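**Q** Structure, please.
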Amino acid sequence: MKTKTILELLTLSSSLYYIARDTQLLDRLGELSEQGKENLNKIMSERPLDENGKEMEFVDRIIVKTQELREELNEKIEKQVVKFYKKINVAHLDEIKALNEKLEALDATVALLEARINHLESQ
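**A** Next up is the predicted model:
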């Protein structure tokens, strides 16, 4: 009898745990959807003007907003890539070019110094 009661209590407690977890998930989804609605309403309440000073149509506003979000996303991706390259210590193409230019300049300096030494030795 005691084992049956313990099993029933365990089953009940696990069911309550899953219900509570589902409730938290649903609450979080509700919060996110409300934030999404607020942002969408904010975007739609704005009345941007085109180059001629006329109010933009709905589709044009969506296109403009999409382009802005696309540019923002590209900037964020670029920052993350740069951060990743620095983290794994991979040289960027610009850095490699700069180092090659410095190497060429140093080679030219060494060649000049060798020519001077040779000239001094020949005297």
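**Q** Now do residue 85: how many residues are near it, please.
**A** Counted with other CB atoms under 10 Å, the neighbours of residue 85 add up to 13. To be clear about C-beta, it is placed using only N, CA and C from the backbone, and glycine gets the same treatment.
**Q** separation between it and residue 101?
**A** In this structure, residue 85 lies at 20 Å from residue 101, with CB to CB, to the nearest Å as the measure.
**Q** Then residue 19?
**A** In this structure, residue 19 and residue 101 are separated by 66 Å, where distance is defined by CB to CB.
**Q** what's the host helix or strand of residue 76 packed up against?
**A** Here residue 76, judged by DSSP states H and E, is contained in helix 58-88. Using 3 or more CB pairs under 8 Å, 6 or more residues apart in numbering; DSSP states H and E as the contact definition, the elements that helix 58-88 packs against are helix 2-45.
**Q** mean confidence score for the helix it packs on?
**A** Mean per-residue pLDDT for helix 2-45: 72.
**Q** Check the offset of that helix from the chain's centre.
**A** Centroid separation for helix 2-45 versus its chain: 29 Å, with CA atoms, centre = their mean, to the nearest Å.
**Q** From the contact counts, what lies against it?
**A** Helices and strands touching helix 2-45, as assessed by 3+ CB pairs under 8 Å, 6+ apart, comprise helix 58-88.
**Q** ok and the helix it packs on relative to helix 2-45, angle-wise?
**A** If you take axes from the mean of the first three to the mean of the last three CA atoms, to 10 degrees, helix 58-88 sits at 120 degrees to helix 2-45.
**Q** and helix 58-88, which residues are buried?
**A** Using 16 or more other CB atoms under 10 Å as the burial criterion, the residues of helix 58-88 that qualify are residue 61.
**Q** repeat for stretch 114-123
**A** Residues of stretch 114-123 include none that count as buried (16+ other CB under 10 Å).
**Q** Alpha carbons of it, as PDB, please.
**A** Below are the C-alpha coordinates for stretch 114-123, written out as PDB (Å, rounded to 0.1, in the frame of the first residue of the first chain):
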ATOM      1  CA  GLU A 114      74.700  45.600 -47.700                       C
ATOM      2  CA  ALA A 115      75.600  47.900 -50.600                       C
ATOM      3  CA  ARG A 116      77.000  50.500 -48.200                       C
ATOM      4  CA  ILE A 117      79.000  47.800 -46.400                       C
ATOM      5  CA  ASN A 118      80.400  46.500 -49.700                       C
ATOM      6  CA  HIS A 119      81.200  50.100 -50.700                       C
ATOM      7  CA  LEU A 120      83.000  50.700 -47.400                       C
ATOM      8  CA  GLU A 121      84.900  47.400 -47.600                       C
ATOM      9  CA  SER A 122      86.100  48.200 -51.200                       C
ATOM     10  CA  GLN A 123      87.700  51.500 -50.100                       C
END
